[in-house]
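# The sequence and its predicted three-dimensional model are supplied below.
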Amino acid sequence: MSRKTIILPKGARSDKRARAGSPWIFSNEIRMDDAARSIPPGAIVNVRGESGHPFGTGYFNPASLIAVRLLDNACDAVIDADFFAGRLGRALALRERLYAQPFYRLVHAEGDGLPGLVIDRFGDTLSVQVGTAGMERQEGAILAALDRLMSPRTVIMRNDAPSRALEGLESEVRTVKGEGRRIQIEENGTRYFADLAQGQKTGWYYDQRNNRAFIAGLAKGASVLDAYSYAGGFGILAAKTGAKEVICLDSSAPALALAEESARANGVTVKAVKADVFEELERLAAQGETFDIVIADPPPFVKSKKDLESGARAYRKLARMAALVTGERGILLMASCSHNISPDRFAAECAAGIGRTGRRAGLIRQAGAGPDHPIHPHLPESAYLKALVYALD
Ligand code: SAH
């Protein structure tokens, strides 16, 4: 089948954005004629301007708001195992420069020139997330390239992100190679456990690595409340670096069981509390209990643009409640992994929430995800993680 061409009308916003280097082209900005509509979801296309200007090779989905995601800035680029081996090889080389150990996000979608693909590496196990029809069609080529490049022992497809529905894709978790879904992670000199079958996202949140290290640097002798702890990413490292007491608070019993197991493996103890964070903060505040360090790293409160106002209120309330249980001269980390709330708005909500408690606060760190999560310079939404650390009076 010969390759179809998608035309960008001259002067369309996409035309300007694509010329500037944006990898996304929206459905209302292309010439959506019968020929375009008949292209099957995920097909590889050329993208050209009306006068023939080559914008590159991408994949198309007539059912998605993001109609084309560009893979290469040349037209007629061959998208096969060699193409993926090239991109994956570059992603791998960057991580090998950044980290001594093979535990990192290997591929961060557009940030690594591979839109719709996320891969986390846990030694010789890979957790792969495909988010688009275009990448789904390339699964065979991607897996062949991964085999060629790094011969992983185990490969698990974590194709259960809710956003797949927007691309007309099913939700599934499937082992394509090897067996065993339990993984060990080494990060900041600490051993953690996770479970790829039950775990959330791809199984581990590598994005907070540097923020965990920053908090751990302040933790000697401190009491620490790790709220929304998942498998103990922040809390266990804090315990290892000398915190005198660590509570891991989460609503997931399996996540807390992993945290306790990881604590044992590192020769430390954490207290696991299974509860709703807002209810527990309410209870602790009523009892006047405080901690030297409070971490609040919740699931996304703004899942889509329409949830912005209610999500923003939830972040404000969380900041207020968390500040109430942060002791005198304590440290508070507030995080948001919602790409639908901007860094400025999130910071404003945190400031308002802390302000409601009457505490004076100094912002001592503003950070995002670690460098294994490259941000595409034309996609501000790829900078989804925001972590703000406040020193309270
Ligand atoms: N801080 C973690 C990642 C947190 S992910 C890390 O560093 O790895 C968000 C966590 O919030 C998940 O573990 C989820 O189980 C938990 N969670 C979601 N809703 C919750 C609620 N209402 N109360 C407590 N925990 C909740």
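It's in. What you see is a predicted model, and the numbers here were worked out from it, not measured in a lab.
# Write out the residues of this protein neighbouring the ligand.
The chain has residues 200, 205, 208, 228-230, 233-234, 250-252, 255, 276-277, 297-299 near the ligand, with proximity defined as Cβ under 6 Å from any ligand atom. For glycine as for every other residue, the C-beta is placed from the backbone atoms N, C-alpha and C.
# So which of those belong to strands?
When DSSP state E is applied, those are split such that D250 fall in strands.
# quick one, what contacts A63?
Contacts of A63 were listed using Cβ atoms under 8 Å, 6 or more residues apart in numbering, and they are 41, 133, 167-168.
# Most neighbours among those, which one?
Counting neighbours by other Cβ atoms under 10 Å, the top entry in these is A133, with 23 neighbours.
# what about the helices in the stretch 151-300 of the chain?
Along the stretch 151-300 of the chain, counting by DSSP state H, counting those that start in this stretch, helices occupy 209-216, 233-240, 253-265, 277-286.
# most packed of those?
Most buried of the helices of the stretch 151-300 of the chain, by mean neighbour count (mean count of other Cβ atoms under 10 Å): helix 233-240, with a mean of 28.
# coming back round to it: just the buried subset of the residues of the chain next to the ligand, written out for ChimeraX, thanks.
Selection of the buried residues among the residues of the chain next to the ligand in ChimeraX, burial being defined by 16 or more other Cβ atoms under 10 Å:
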select :200,205,208,228,229,230,233,234,250,252,255,277,297,298
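# quick revisit: what's the closest of the helices of the stretch 151-300 of the chain to T175?
Nearest to T175 among the helices of the stretch 151-300 of the chain is helix 253-265 (18.7 Å), distances taken as Cβ to Cβ.
# list the contacts for the residue nearest to the spatial centre of the chain?
If you average the C-alpha coordinates of the chain and look for the closest C-alpha using Cα atoms, centre = their mean, you land on D207, 6.4 Å from that point. Taking Cβ under 8 Å, 6+ apart as the definition of contact, the neighbours of D207 are 105, 337, 368-370, 373, 385.
# and what of V118?
For V118, the contacting residues are 105, 107-109, 128-129, 131, 202, taking Cβ under 8 Å, 6+ apart as the criterion.
# circling back: so what's the residue nearest to the centre of the chain closest to, chain neighbours aside?
A369 (3.7 Å; Cβ to Cβ, 6 or more residues apart in numbering).
# same deal with D393?
Excluding its sequence neighbours, the residue lying closest to D393 (Cβ to Cβ, 6+ apart) is R360, at 4.3 Å.
# my guess is that neighbour meets L392, correct?
Yes - with contact defined as Cβ atoms under 8 Å, R360 reaches L392; the gap is 7.2 Å.
# So the two - more neighbours on which side?
Counting neighbours by other Cβ under 10 Å for R360 and for L392 shows that L392 has the greater number, 18 against 11.
# next one: phi and psi at the more buried one?
The phi and psi torsions at L392 (degrees, to the nearest 10) take the values phi -100, psi 150.
# Tell me which residues touch it, please.
Contact analysis of L392 by Cβ under 8 Å, 6+ apart lists 323, 326, 328-332, 354, 359-361.
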